[in-house]
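**Q** need a structure here:
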Amino acid sequence: MGLSDTLAARFDVEAHDSDVRTELVAGLTTFLAMSYIIVVNPFILAEAIQIPGYEFFEVVQMIAIATILSSALATLVMALYANRPFGLAPGLGLNAFFAFTVVLGLGIPWQTALAAVFVEGILFMLLTAVGAREYVIRLFPEPVKRSVGAGIGLFLLFIGFQELQIVVPDDATLVTLGGIFGNPWAILGIAGLVLTFGLWARGITGSIVIGILTTSVVGWGLTFAGFFDRGTITPETLPSAQYDISPLAGAFVDGLGQIEPLTFVLVVFTFFFVDFFDTAGTLIGVSQFGDFLDEDGDLPDMDKPLMADAVGTTAGAVLGTSTVTTYIESSTGVEEGGRTGLTALVIALLFVASLAVIPVVAAIPEYASFIALIVVGVMMLQGLVEVDWSDPAWAVSAGLTVTVMPFAYSIADGLAAGIVAYPLIKVAVGEYDEVALGQYVIAALLAAYYVLQTRGVIL
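**A** As a prediction, this is how the structure comes out:
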């Protein structure tokens, strides 16, 4: 039996109406579509992770390695255990929550934030093993399930616009349009966006990666040509290749010993809350593309891909990165015909191979990397077509889920708004018997939490 036959038998390819070649192409396609995270995740987390004795771009390289290893491990579990064609990596939105809300916003040390991610990863593994996580996910209101991806998309769009300096702070209106065409940073960012959107519209595989690399090359070209000084649109200095991640890996242990128990519990709860709902939303959203959902909008045997996510999250925290989740870009491989874990195996192996490009990561300007947030944000808006806007409960719940996320700068707050709104509107229209008891309980707990949180009683 040859390698092809062995792989086909191991992943039961024929029973899933696929073949080895299709699975290999699907894996390559998904990797190219999501590999931008190797660059983007480090730049987001490096805003919050500062390691004494190491420059910004040295930390970026460390986080890039942690990103690659955690992505490879989680996707390997998805391949061998769940046998699903999904790629996993540190989640966009969750990494922004880690950096901008928890560390920079709340002032929590980054080591403690990693410790919280580690603990919630362990909790998720336990919940998934006993089936409790899947049960709670099935209690999510349907409009929240269908709109969460679009809400995260708007959140990413808002962050991307700020990082490219397209949107800037304003005393009167909070935000306003920046002086774009007097700012070379913003000009190059917009040029990169135009290119990337054009490639994506034409169906070019790896359009985001091509856009990031091309924009970076243009920035360096203009610098070398003398139009700009080093440090204006390109990094002022470049570190040597950094493969030692010991200052980052295992830092969560220090976080465990640096905090008061009550405060740490609250931080864990915050990550638990955000990760729980975000993971469910992205996993369900990806499954929509492959028609893997049943008639109730649920993913059969969801506990297995959830376990891959939980293992990846725990390992990622040990290595030094934020929560790992299933990627919406997995839909590109599914569209190519990927149906089994063989697709995920290819993705995992390609992540490992990408360790060779770590030295290149530090040379990519920040405006080039943040192009991905805007492009992915727009892509994720397509989930809104799944919402029944003629139904009041759906419209209010989905509408709040989508809009509160960027306005409150928090995925968690948007999800909570949608979950609480759904039973309220159902009761208002006399359809209270269509709401499950668990949905009432979750809504009541969230409402109580936000009363205490906004009154300053808890974090």
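**Q** quick one, what contacts the nearest residue to residue 56 once chain neighbours are set aside?
**A** Spatially, and ignoring its direct neighbours in sequence, residue 56 is nearest to residue 46 (6.0 Å; CB to CB, 6 or more residues apart in numbering). The way it works is simple: take the backbone N, C-alpha and C, and place the C-beta from them, glycine included. By CB atoms under 8 Å, 6 or more residues apart in numbering, residue 46 lies in contact with 56, 59, 60, 63.
**Q** now the first one: how far from residue 43?
**A** According to CB to CB, to the nearest Å, residue 56 and residue 43 sit 9 Å apart.
**Q** which of the two has more neighbours?
**A** Set residue 56 next to residue 43 and count neighbours by other CB atoms under 10 Å: residue 43 wins out with 25 against 17.
**Q** I'd guessed the more buried one sits against residue 371; true?
**A** No: counting by CB atoms under 8 Å, residue 43 does not reach residue 371; the two are 11.2 Å apart.
**Q** my guess is residue 363 meets residue 236, correct?
**A** No: assessed by CB under 8 Å, residue 363 is found out of contact with residue 236, at 11.9 Å.
**Q** These two: which is more packed in?
**A** residue 363 (16 against 9).
**Q** Report the separation between that one and residue 51.
**A** Taking CB to CB, one finds residue 363 at 20 Å from residue 51.
**Q** same question, residue 430
**A** 58 Å.
**Q** Of those two, which one has the most company?
**A** More neighbours surround residue 51 than the other of residue 430 and residue 51, with 17 against 8 (other CB under 10 Å).
**Q** Would you confirm that that one belongs to a strand?
**A** No: Residue 51 sits outside any strand when classified using DSSP: H, G, I helix; E, B strand; the rest coil, being coil.
**Q** which ones are touching it?
**A** For residue 51, the contact set (CB under 8 Å, 6+ apart) comprises 58, 59, 62, 247, 248.
**Q** what's the closest of those residues to residue 406?
**A** Using CB to CB, residue 59 is the member of the contacts of residue 51 that lies nearest residue 406, at 27.3 Å.
**Q** name the element that closest one belongs to?
**A** In this assignment (DSSP states H and E), residue 59 forms part of helix 56-77.
**Q** quick one: average pLDDT of that helix?
**A** For helix 56-77, the mean per-residue pLDDT is 95.
**Q** Tell me which other helices or strands it touches.
**A** Of the remaining helices and strands, those touching helix 56-77 by 3 or more CB pairs under 8 Å, 6 or more residues apart in numbering; DSSP states H and E are helix 37-45, strand 88-90, helix 303-319, strand 324-326, helix 341-353, helix 358-361.
**Q** Low-confidence bits of the stretch 251-400 of the chain, can you list those?
**A** Under the criterion pLDDT under 70, the flagged ranges of the stretch 251-400 of the chain are 260, 262-263, 266, 270, 273-274, 277-278, 281, 285, 288-290, 297.
**Q** If we use 90, what do you get?
**A** Within the stretch 251-400 of the chain, the segments meeting pLDDT under 90 span 254-306, 309, 325-339, 357-364, 366, 369-373, 375-377, 379-386.
**Q** So what touches stretch 381-397?
**A** By CB under 8 Å, 6+ apart, the list of residues contacting stretch 381-397 from outside reads 141-144, 146-150, 153-154, 285, 288, 398, 402, 418-419, 421-422, 425-426, 428-429, 431.
**Q** Name the residues of it that are buried.
**A** Residues 381, 382, 383, 384, 386, 387, 391, 393, 394, 395, 396, 397 are the ones in stretch 381-397 that count as buried (16 or more other CB atoms under 10 Å).
**Q** Now those residues in CSV, please, with extra columns for secondary structure and distance to residue 186.
**A** Listed next are the buried residues of stretch 381-397 as CSV, based on DSSP: H, G, I helix; E, B strand; the rest coil; distance: CB to CB, whole Å:
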residue, secondary structure, distance to residue 186
381, helix, 22
382, helix, 27
383, helix, 29
384, helix, 28
386, helix, 34
387, coil, 33
391, coil, 41
393, helix, 41
394, helix, 38
395, helix, 35
396, helix, 36
397, helix, 36
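**Q** Adding distance to residue 4, write those out as TSV.
**A** As requested, the buried residues of stretch 381-397 are exported to TSV (distance: CB to CB, whole Å):
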residue	distance to residue 4
381	39
382	35
383	36
384	41
386	37
387	43
391	49
393	50
394	46
395	50
396	52
397	48
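**Q** May I have the secondary structure class of residue 157?
**A** Three-state call for residue 157 (three-state DSSP): helix.
**Q** show me the contacts for it.
**A** Residues in contact with residue 157 (CB under 8 Å, 6+ apart) are 373, 374, 377, 378, 406.
**Q** Which members of those residues occur in helices, if any?
**A** Among these, the members found in helices (DSSP state H) are 373, 374, 377, 378, 406.
**Q** possible to save those residues as CSV with distance to residue 166 and neighbour count?
**A** Formatted as CSV, these follow (distance: CB to CB, whole Å; neighbours: other CB atoms under 10 Å):
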residue, distance to residue 166, neighbour count
373, 11, 26
374, 9, 25
377, 13, 23
378, 14, 17
406, 14, 21
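**Q** so which of those comes closest to residue 203?
**A** Checking these against residue 203 with CB to CB, the nearest one is residue 378 at 15.2 Å.
**Q** which residues in the chain form strands?
**A** Taking DSSP state E as the test, the strands found in the chain are 88-90, 167-170, 174-177, 324-326.
**Q** End to end on stretch 167-184, go ahead and measure it.
**A** Length of stretch 167-184, first residue to last, CA to CA, to the nearest Å: 14 Å.
**Q** And stretch 237-245, by the same measure?
**A** Stretch 237-245 stretches 20 Å from its first residue to its last (CA to CA).
**Q** Next, the buried residues of that stretch.
**A** Result for stretch 237-245 [16+ other CB under 10 Å]: buried residues 239, 242, 245.
**Q** Can you tell me how far the first one is from residue 218?
**A** Counting by CB to CB, the gap from residue 239 to residue 218 is 22 Å.
**Q** go on, the second one?
**A** Going from residue 242 to residue 218 by CB to CB gives 25 Å.
**Q** The last one too?
**A** Taking CB to CB as the measure, residue 245 falls 30 Å from residue 218.
**Q** how many other residues sit next to residue 246?
**A** If you count neighbours by other CB under 10 Å, residue 246 ends up with 9.
**Q** how about it, what does it touch?
**A** Shown in contact with residue 246 (CB under 8 Å, 6+ apart): no residues.
**Q** do the same with the one 4 residues further on
**A** By CB under 8 Å, 6+ apart, residue 250 lies in contact with 318, 320.
**Q** Brilliant, that's me finished.
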